[in-house]
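> After the sequence you'll find the predicted model.
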Amino acid sequence: MGRGDGEPPGRGDAGTAGPAALSAAVAAAAVALVAALLLLRCDDAGSGTGSSMAETEALPKLREDFRMQNKSVFILGASGETGRVLLKEILEQSLFSKVTLIGRRKLTFHEDAYKNVNQEVVDFEKLDDYASAFQGHDVGFCCLGTTRKKAGAEGFVRVDRDYVLKSAELAKAGGCKHFNLLSSKGADKSSNFLYLQVKGEVEARVEELQFDRYSVFRPGVLLCDRQESRPGEWLVRKFFGSLPESWASGHSVPVTTVVRAMLNNAVRPSGKKMELLDNKAIHDLGKADSSRTP
């Protein structure tokens, strides 16, 4: 039930595999459901940063002013669900003069809208050798992540903490002014739950880098139709879909809403060095305005 986005795994899911794989899928689904129930009990410490009526009305003008600044942006984790939707929305809104994807492999796009997207292929185990990929970007979005099921506990920590932190360090050194981190509801470095502990730890360590502006997004369960098969997340989506809307919106959020909240937040001025947007703030800001086309 990963909050960030990683790379798609190999073929073979519970629908076509043998009894052992099916049992593993059922176990993963049970674990994911328990994790979802745990999130229901989590309350974020941050007050959130929603949107006022005045800010909502000002968003079209703020976007236009932002475009005029000709800023550049990079995305980490563009192969995952949130990163993929984020890239699509950035291109549709034409917010940045230059868009760069940083990942371990080159992505293939067929639509004409993606023709000017730059791609930097890096080895996350040797990121220092690819420092140039992180240079010259005004804004950065980190949607990088994996799951314990895919990578094991050690691999999960390596991706969701070490890769994210090193990328942030290189981005800061490369001149990035505004760093955006996709985290998770309930993130807490003192948590006994590894997932929330790692998310909380990386939040705190990136804050120590002292970006001019640092925005952390703590969504609940991400609601999306993944291109890859994750039986656990399917069960969780069904679980939240059966809840009253007021409960579901308090602990889950559509990926599209998260992405629009990220971009609406990016275009509005802020005097804060660190912003923490909880699930409610993400809902409010992500639904703040529907006039998103240039």
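Here it is on my side, so go on.

> How many residues are close by Gly103?
23 (other C-beta atoms under 10 Å). Placement of C-beta: from N, CA and C, glycine included.

> Now do the same contact list for it.
Residues in contact with Gly103 (C-beta atoms under 8 Å, 6 or more residues apart in numbering) are Glu7, Leu76, Gly77, Ala78, Ser79, Gln119, Glu120, Val121, Val122.

> min pLDDT across those residues, which one?
Lowest pLDDT among the contacts of Gly103: Glu7, with 43.

> Out of the contacts of Gly103, which two sit at the greatest distance?
Spatial extent of the contacts of Gly103 (C-beta to C-beta) is set by the pair Glu7 and Glu120 at 15.3 Å.

> In strands only, show me the contacts of Gly103.
With strands taken from DSSP state E, the overlap with the contacts of Gly103 comprises Leu76, Gln119, Glu120, Val121.

> May I ask you to confirm that the third one is in contact with Leu101?
Yes: here Glu120 lies in contact with Leu101, judged by C-beta atoms under 8 Å, at a distance of 7.0 Å.

> And Leu276, how far from Ser270?
Look at Leu276 and Ser270: by C-beta to C-beta, to the nearest Å, they are 12 Å apart.

> Please say which of the two ends up with more neighbours.
The neighbour comparison of Leu276 against Ser270 (other C-beta under 10 Å) goes to Leu276, with 21 against 13.

> my guess is the more buried one meets Tyr214, correct?
No: using C-beta under 8 Å, Leu276 makes no contact with Tyr214, being 9.4 Å away.

> thinking again about what came up before, export the contacts of Gly103 as TSV, with columns for distance to Ala168.
As requested, the contacts of Gly103 are exported to TSV (distance: C-beta to C-beta, whole Å):
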residue	distance to Ala168
Glu7	19
Leu76	9
Gly77	13
Ala78	17
Ser79	19
Gln119	20
Glu120	16
Val121	19
Val122	14
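
> Please, a PyMOL command that selects the buried ones among those?
Per 16 or more other C-beta atoms under 10 Å, the buried members of the contacts of Gly103 correspond to this PyMOL selection:
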select buried, resi 76+77+78+79+119+122
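
> Asp162: neighbouring residues, count only.
By other C-beta under 10 Å, neighbour count at Asp162 equals 15.

> For it, what are phi and psi?
phi -70, psi -50 (degrees, to the nearest 10).

> What ranges does the stretch 51-200 of the chain have for its strands?
Counting by DSSP state E, counting those that start in this stretch, residue ranges of the strands within the stretch 51-200 of the chain are 72-76, 98-103, 118-121, 139-142, 178-182.

> Could you export the ones you listed to JSON lines, including columns for distance to Leu223?
As requested, the strands of the stretch 51-200 of the chain are exported to JSON lines (distance: least, C-beta to C-beta, whole Å):
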{"stretch": "strand 72-76", "distance to Leu223": "21"}
{"stretch": "strand 98-103", "distance to Leu223": "24"}
{"stretch": "strand 118-121", "distance to Leu223": "28"}
{"stretch": "strand 139-142", "distance to Leu223": "19"}
{"stretch": "strand 178-182", "distance to Leu223": "15"}
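
> With Phe66 as the reference, name the closest of those.
Using C-beta to C-beta, the nearest of these to Phe66 is strand 139-142, at 9.8 Å.

> Within the sheet, what are the partner strands of that closest one, with directions?
When pairs are called by DSSP bridges, strand 139-142 turns out to pair with strand 72-76 (parallel), strand 178-182 (parallel).

> what does it rub up against?
For strand 139-142, using C-beta under 8 Å, 6+ apart, the contacting residues are 4, 71-77, 83, 86, 96, 134, 164, 167-168, 171, 176-182, 262, 266.

> ok now it, how far from the chain's centre?
Mean-position distance between strand 139-142 and its chain equals 10 Å (C-alpha atoms, centre = their mean, to the nearest Å).

> CA atoms only: put it into CSV for me.
Extracted as CSV, the C-alpha positions of strand 139-142 are listed here (Å, rounded to 0.1, in the frame of the first residue of the first chain):
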residue,chain,number,x,y,z
VAL,A,139,10.8,23.1,-8.3
GLY,A,140,11.0,19.4,-7.5
PHE,A,141,8.3,16.8,-6.9
CYS,A,142,9.3,13.5,-5.2
